[in-house]
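**Student:** build me a model from this:
(chains A and B)
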Amino acid sequence: MMQEGFVKALLNSDLPVPEGLIDSMGRPAGRRFSVYRNNVAGSLTEALRASFPVLEKLLGAEYFAALAGVFLRAHPPTSRMMMLYGTEMPAFLEGFVPLAHLPYLADVARLEQARRETYHASDSTVDAAALAIAPERFLAARLVLAPPVRVVRSRYPVVSIWRANAEDGPAPMMQSEDALVLRNGYDPSVHLLPQGGAAFVAALQAGKTVEAGMDAAGDAFDLAAMLALLIGNNGIAALEEDL
Amino acid sequence: MFDASETGLPARPGVGYKAQHFKDILDTPGTVAWLEIHAENYMGDGGRPLAQLRHLAERFAFSVHGVGLSIGGEGPLDSAHLARLKHLCDWLNPASFSEHLAWSSHDETFLNDLLPLPYTQATVTRVADHVDRVQEVLGRRMLLENPSSYLAFAGAEMGEVDFLRAVALRTGCGLLLDVNNVFVSATNLNFDAADYLADFPVEFVGEVHLGGHFADADDHGAPLLIDNHGAAVVDPVWQLYAGLIGRAGPLPTLIEWDNDVPDWPVLAAEAARAARILEPVA
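**Tutor:** The predicted structure is shown next:
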């Protein structure tokens, strides 16, 4: 019972310090309790900074810290693994009125979240021989994507924004961009998906054949470029055919 | 009941492992005998963290140190988290597993901090039940670490040393003695750190922690030390440590530096300082 009141007071500094907490002279704990308040807010803010570095760069350190303070009280962690803390950040940003004039931030957060998932995803390597198949059978086969593969679709130039801030890329142009996150080795890489690419990857993830994926991707889709991107970055784990 | 092959950590210096030191550690063999990791950082499915661990585990003994189990929580232990710990320990087979005398979660909320407990008989029972469960699930003996305290509970029924001794006796667990935490708590709660250490049941100690803190003040201007693992070990803590080792003999000793992590030579120098205290009594 003690811990419930303790948690509420930790996350809400307007609440009084819980009763029964004292210093060595028996006086009320006062700002000694604030050590725990500061530790909780500080450690969670640090976890969010580590997870969303481009978001922090876009907002500035001071604004980001204030945003983190609001976020962590609205969405304290439910998992003990800080590597995944902040999954609610994109949706939180979409509803955060003071930042409504920067509508691309939610997609930037989605991309940073995807990179983090990719970093910790299962290892997989496949040798090229496992992907060898007669061309006439290829369209009817299914490509199984590697565990680290993530797609982030956006109405905004999310890839360019990310590159401009994380890799000193050129200034973004106003256009829609879909991002593909891959991992060849241990570092995630962020790629711009070609037109129709997101629909193609979504079809593969749904277990559809290459041919069905191409139908979903539309006429302008460049299958060769898409496959080069996936195979060149260890994005395909296996090739399956119906028996 | 427990893994009989477990021999514990070597009674020499180790450091808290940070990914940025991976190459330095491999390039300077002999600097440290063992490494400690925070369990929760290695619960992903794959990638660099686990690959580095796999590589280092061929050369170093490991200590897995949990920071999120909430052993002092009023509610039951998180079974899913305990299963992840078991998975990690089964895979890595560390020389030691340890956790904190603290709580960090309530219902669905995880606070990511080590929160204080009232030292009462009821708390002894609850903590001991949780330690029993951990040891049963992991199939190995665990070490329980003394916390840094910033405040006290009006309803306390015993001191911290008596509390830890009671839990160790009831569960068969070992203790992790953090000398910096003793110094921090002694300053904050106005007791004598040397007396605390003199009373501490060293026969249960499987590991010692040494870390840094920073100094603040309370509402009345009294010193309030904050355990932040973000600085060098201070001289009074080294003196307490030397006294402890003089009495207890050599013990596995961790240099713990988690924030504002320094370059490897700084950390290695702290480990060397511990080695100079350990070697004469070895």
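
**Student:** so how far is B:Tyr241 from the closest residue to B:Val202 other than its chain neighbours?
**Tutor:** Of all residues not flanking B:Val202 in the chain, B:Ala248 sits nearest, at 4.0 Å (CB to CB, 6 or more residues apart in numbering or on different chains). Just so you know, the C-beta spots here come from the backbone N, C-alpha and C atoms, and that holds for glycine as well. With distances taken as CB to CB, to the nearest Å, B:Ala248 is found 10 Å from B:Tyr241.

**Student:** more neighbours: which of these two?
**Tutor:** Here B:Ala248 and B:Tyr241 are compared on neighbour count by other CB atoms under 10 Å in any protein chain shown; more neighbours surround B:Tyr241, at 26 against 16.

**Student:** run a quick neighbour tally on A:Lys197.
**Tutor:** Careful, residue A:197 is Gly and not Lys. 25.

**Student:** quick one, what contacts the closest residue in space to it that isn't next to it in sequence?
**Tutor:** Once flanking residues are discounted, A:Gly197 sits nearest to A:Met226: 5.5 Å by CB to CB, 6+ apart. Residues near A:Met226 by CB atoms under 8 Å, 6 or more residues apart in numbering or on different chains: A:194, A:197, A:200, A:217.

**Student:** walk me through which strands the helix or strand containing B:Phe97 pairs with, and which way each runs.
**Tutor:** In this assignment (DSSP states H and E), B:Phe97 forms part of strand B:96-100. Strand partners for strand B:96-100, identified by DSSP bridges, are recorded as strand B:61-65 (parallel), strand B:143-145 (parallel).

**Student:** which helices and strands sit right next to the helix or strand just after it?
**Tutor:** Downstream of strand B:96-100, the next assigned helix or strand under DSSP H and E is strand B:103-106. The elements that strand B:103-106 packs onto, with contact taken as 3 or more CB pairs under 8 Å, 6 or more residues apart in numbering or on different chains; DSSP states H and E, are helix A:2-11, strand B:109-115.

**Student:** which residues sit against strand B:103-106?
**Tutor:** Contacts for strand B:103-106 (CB under 8 Å, 6+ apart): A:3-4, A:6-7, A:80, B:67-75, B:78, B:110-115, B:117.

**Student:** that strand: partners in the sheet, and parallel or antiparallel?
**Tutor:** strand B:109-115 (antiparallel).

**Student:** I'd like to know the average pLDDT value across the helix or strand where B:Pro236 lies.
**Tutor:** Assigned by DSSP H and E, B:Pro236 belongs to helix B:235-248. On average, the pLDDT along helix B:235-248 is 98.

**Student:** now chain A, which segments are flagged as low pLDDT?
**Tutor:** A:1 (pLDDT under 70).

**Student:** what segments of it are helices?
**Tutor:** For chain A, the helices defined by DSSP state H cover A:2-11, A:31-51, A:53-59, A:61-74, A:89-94, A:105-120, A:135-138, A:158-166, A:197-205, A:210-217, A:223-232.

**Student:** now, of the contacts of strand B:103-106, which are buried?
**Tutor:** A:3, A:6-7, A:80, B:67-74, B:78, B:110-115, B:117 (16 or more other CB atoms under 10 Å in any protein chain shown).

**Student:** B:Glu136: how many residues sit nearby?
**Tutor:** Quick note: B:Glu136 (other CB under 10 Å) scores 12 neighbours.

**Student:** ok, now B:Pro236?
**Tutor:** By other CB under 10 Å, neighbour count at B:Pro236 equals 15.

**Student:** that one reaches B:Phe183, doesn't it?
**Tutor:** Yes: the pair B:Pro236 and B:Phe183 qualifies as a contact (CB atoms under 8 Å) at a distance of 6.2 Å.

**Student:** quick one: common contacting residues for the two?
**Tutor:** Contacts common to B:Pro236 and B:Phe183, judged by CB under 8 Å, 6+ apart, are B:Ala193.

**Student:** show me the domain layout of chain A.
**Tutor:** A:1-102, A:122-243 (automatic domain parsing).

**Student:** and of those domains, who's closest to B:Val124?
**Tutor:** domain A:1-102 (15.3 Å; CB to CB).

**Student:** which one of the helices of chain A is the most hemmed in?
**Tutor:** Mean neighbours per residue, mean count of other CB atoms under 10 Å in any protein chain shown, is largest over those for helix A:105-120, with a mean of 23.

**Student:** residues contacting the nearest residue to B:Asp199 once chain neighbours are set aside?
**Tutor:** In space, and not counting its chain neighbours, B:Asp199 is closest to B:Val161: 4.8 Å by CB to CB, 6+ apart. Applying CB under 8 Å, 6+ apart, we find B:Val161 in contact with B:196, B:199-201.

**Student:** separation between A:Glu117 and A:Leu193?
**Tutor:** Taking CB to CB, one finds A:Glu117 at 17 Å from A:Leu193.

**Student:** next, count neighbours for B:Ala122.
**Tutor:** 10.

**Student:** pretty sure it sits in a strand.
**Tutor:** No: B:Ala122 is assigned helix when assessed by DSSP: H, G, I helix; E, B strand; the rest coil, not a strand.

**Student:** and it, how far is that from chain A?
**Tutor:** Separation of B:Ala122 from chain A (CB to the nearest CB, to the nearest Å): 11 Å.

**Student:** now for that residue: which residues touch it?
**Tutor:** No contacts exist for B:Ala122 under CB under 8 Å, 6+ apart.

**Student:** let's see that with 10 Å instead.
**Tutor:** Shown in contact with B:Ala122 (CB atoms under 10 Å, 6 or more residues apart in numbering or on different chains): B:155, B:157.

**Student:** so what's the one residue in the stretch 51-200 of chain B that gets nearest to chain A scoring on pLDDT?
**Tutor:** Using CB to the nearest CB, the closest approach of the stretch 51-200 of chain B to chain A is made by B:Gly68 at 3.3 Å. Residue-level confidence at B:Gly68 comes out at 95, pLDDT.

**Student:** what helix or strand does it sit in?
**Tutor:** B:Gly68 belongs to no helix or strand, assigned by DSSP H and E.

**Student:** quick check: it touching B:His100?
**Tutor:** Yes: counting by CB atoms under 10 Å, B:Gly68 sits close enough to B:His100 to count as a contact (9.4 Å).

**Student:** spit out the residues that contact those two alike.
**Tutor:** B:Leu114.

**Student:** so what's A:Leu139 up against?
**Tutor:** A:209-214, A:223.

**Student:** do that again at 8 Å, thanks
**Tutor:** Listed by CB under 8 Å, 6+ apart, the contact set of A:Leu139 reads A:209-211, A:214.

**Student:** please apply the same query to B:Ala275.
**Tutor:** Taking CB under 8 Å, 6+ apart as the test, what B:Ala275 contacts is B:12-13.
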